[in-house]
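K.L.:
let's see this in three dimensions:
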Amino acid sequence: MSKETPKSGPDFIRAIIEEDNRTGKWGGTVITRFPPEPNGYLHIGHAKSICLNFGIAVQYGGRCHLRFDDTNPAKEEEEFVESIKEDVRWLGFDWGEHLYFASNYFEQIYQWAVQLIKQGDAFVCDLDADQIREYRGTLKQPGKESPYRNRSVEENLDLFERMREGEFEEGSRVLRAKIDMAAPNINLRDPVMYRILKRAHHRTGTDWCIYPTYDFTHGQSDSIEGVTHSICTLEFEDHRPLYDWYLDRIGAHHPQQIEFARLNLTYTMLSKRKLIQLVQEGRVSGWDDPRMPTICGFRRRGYTPEAIRDFCGRIGVAKADSTIQIEYLEHCLREDLNKRAQRVMAVLDPIKVVITNYPEGQTEELDAVNNPEDETAGMRKVPFSRELYIEREDFMEDPPKKFFRLSPGREVRLRYAYFITCTEAVKDAQGNIIELRCTYDPATRGGDAPDGRRVKATLHWVSAPHAIDAEVRLYDHLFTAEQPASIPKDKDWRELLNPESLTVLKGCKAEPFLCGAQPGALYQFERKGYFCADRDSAPGAPVFNRATTLRDTWARVQQKG
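P.N.:
Next comes the predicted model:
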């Protein structure tokens, strides 16, 4: 397990664990688990749970299991299993030998179902799904009992065995718990325990044609594994009495379930169902599209595991739902990349600069700092020549008062290079500026003037003969609304998708150092932001994703209070 997990301040979950350890409730043992369903890719909300469960295990000298609650073969795939394992490892955690699947326990869970039937606590019901929903009642009205509720034990055992043998069609019968159809908690109104699904399972193949429901599997799986603290999100709070009822009736070990508020982020949708829709409808390029809130999407965009762990540690855990501003996550990334990202120069919207008094055909190599925050990062050489590229936005022919960058007659500094002064703006027939003519001061090599004169702007640049072409992808929020999940039910949430969430810039010019950028490599493009080399890169044709801007929007949020 990672030793770099941020240690959160005291929270109510750790307070419970520390009290349990003080009283010896579990013999000083702390066993947690992260139990995803393998029916999609993990998102940033899962990262919070991963950091919490594995982090607690690290902090208290225990262990955390990775268990797949794979009870629905209609939606689960081995692809999702492998992606989840990759994401957990990438975040810096290791389950060791404690990798489990609920499907490992199918026979035991089946035998517990038989036990409940024999005890008169379960029955086979012939109502279909719509009828079961109708009989369940509402929050204000009690449900009514199924007409099949009082079948004999012998008949229920026979029918359940025949369900297992595949005699009945899907939807024709289910096994239900016999609890209380008037219970205030709807989860206790004779919930379904088993249903017929004639689908091949990604691990057990066609061994089974009936599968336990999530609610009849989750608590028992925790019990089998000896989990001490079953930490889950608040939506499972109303399910806890049902889990307790099952464990009481079968006489099994009772883990302690503790609920916490799930992560909500502004401008972000974390509904797995809606994320699946985005992928299936082609509204994003895939699960790892850098606009997606999936862990693999964040990874591809340029987020680091350290930044995500830091974020999860800082926000802590609470009982009440709240929404975290996404600027805070970006702030954590910025802090991390500022320390580790290699500085380079790249021009995203280039305009050519010709230095008329620089010798034609001459090239010199200038020293550039790789990372001013890391002395061990050293220096690199950048080529300088007569023709350069600068950002088009760094020149104005008729600048306003507070524009200090390049303009006719104005002197600026080229990063690591010389002072230059613009003498002419060359235009095409339509009046568009296509080239700038400048002169340089040879005495200012390195960026300082011997006579002490100062300039008010420093520009990044790239030598034109040495520049490589690059594609740069700029990302914005995927949704235009701050809280897209709160859209009224009569509205289509897809209307909130941001049509400008991706801008692709081609023909960008980058210093030759970036020619061999490997996918996943992180850089700070000076004055432009933090970028990550994408897997779409080809030799000599790199592609970069902007992870975040240089400007700290979180600082502005804090200033606003």
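K.L.:
what's the helix or strand hosting residue 84 packed up against?
P.N.:
Secondary structure assignment for residue 84, by DSSP states H and E: helix 78-90. Where contact means 3 or more C-beta pairs under 8 Å, 6 or more residues apart in numbering; DSSP states H and E, helix 78-90 is packed against helix 44-59, strand 63-68, helix 295-301. The C-beta positions use only the backbone N, C-alpha and C, and glycine is treated the same way.
K.L.:
how does it look with 7 Å?
P.N.:
helix 295-301 (3 or more C-beta pairs under 7 Å, 6 or more residues apart in numbering; DSSP states H and E).
K.L.:
who's in contact with the residue lying closest to residue 410 once chain neighbours are set aside?
P.N.:
Residue nearest to residue 410 in three dimensions, not counting chain neighbours: residue 422, with 6.2 Å by C-beta to C-beta, 6 or more residues apart in numbering. Residues near residue 422 by C-beta atoms under 7 Å, 6 or more residues apart in numbering: 406, 407, 408, 409, 410, 436, 438.
K.L.:
so what's residue 422 bridging to?
P.N.:
Applying DSSP bridges to residue 422 gives these bridge partners: residue 408, residue 438.
K.L.:
now do the one 5 residues further on
P.N.:
Here residue 427 shows beta-bridge partners residue 433, assigned using DSSP bridges.
K.L.:
hmm, it is touching residue 433, no?
P.N.:
Yes. The criterion here is C-beta atoms under 7 Å, and residue 427 meets it with residue 433 at 5.5 Å.
K.L.:
so the residue at the greatest distance from the centre of the chain, which state does it fall into?
P.N.:
Distance from the C-alpha centroid of the chain, by C-alpha atoms, centre = their mean, peaks at residue 451 (52.4 Å). Residue 451 carries the three-state label coil when classified by DSSP: H, G, I helix; E, B strand; the rest coil.
K.L.:
contacting residues for it?
P.N.:
So residue 451 contacts nothing (C-beta under 7 Å, 6+ apart).
K.L.:
how about residue 514?
P.N.:
Neighbours of residue 514 in contact, by C-beta under 7 Å, 6+ apart: 344, 346, 468, 470, 542.
K.L.:
so where's the protein shaky on pLDDT?
P.N.:
Across the chain, residues meeting the criterion (pLDDT under 70) sit at 1-9, 552-561.
K.L.:
neighbours around residue 538, how many?
P.N.:
8 (other C-beta atoms under 10 Å).
K.L.:
identify the bridge partners of it.
P.N.:
So, taking DSSP bridges as the rule, residue 538 has residue 541 as bridge partners.
K.L.:
and residue 76, what is it in contact with?
P.N.:
Here residue 76 is in contact with 37, 38, 39, 70, 202 (C-beta under 7 Å, 6+ apart).
K.L.:
tell me which element residue 241 falls in.
P.N.:
helix 240-250.
K.L.:
which SSE is immediately downstream of that helix?
P.N.:
strand 256-260.
K.L.:
what does that following strand rub up against?
P.N.:
Contacts of strand 256-260 (C-beta under 7 Å, 6+ apart): 13, 16, 228-234, 236-237, 240, 243, 317-319.
K.L.:
and the helices in the stretch 101-250 of the chain?
P.N.:
106-118, 129-136, 153-164, 214-224, 240-250 (DSSP state H, counting those that start in this stretch).
K.L.:
buried deepest among those helices, which one?
P.N.:
Sort the helices of the stretch 101-250 of the chain by mean neighbour count, taking mean count of other C-beta atoms under 10 Å, and helix 214-224 sits at the top with a mean of 22.
K.L.:
to residue 273, which of the helices of the stretch 101-250 of the chain lies closest?
P.N.:
helix 214-224 (14.9 Å; C-beta to C-beta).
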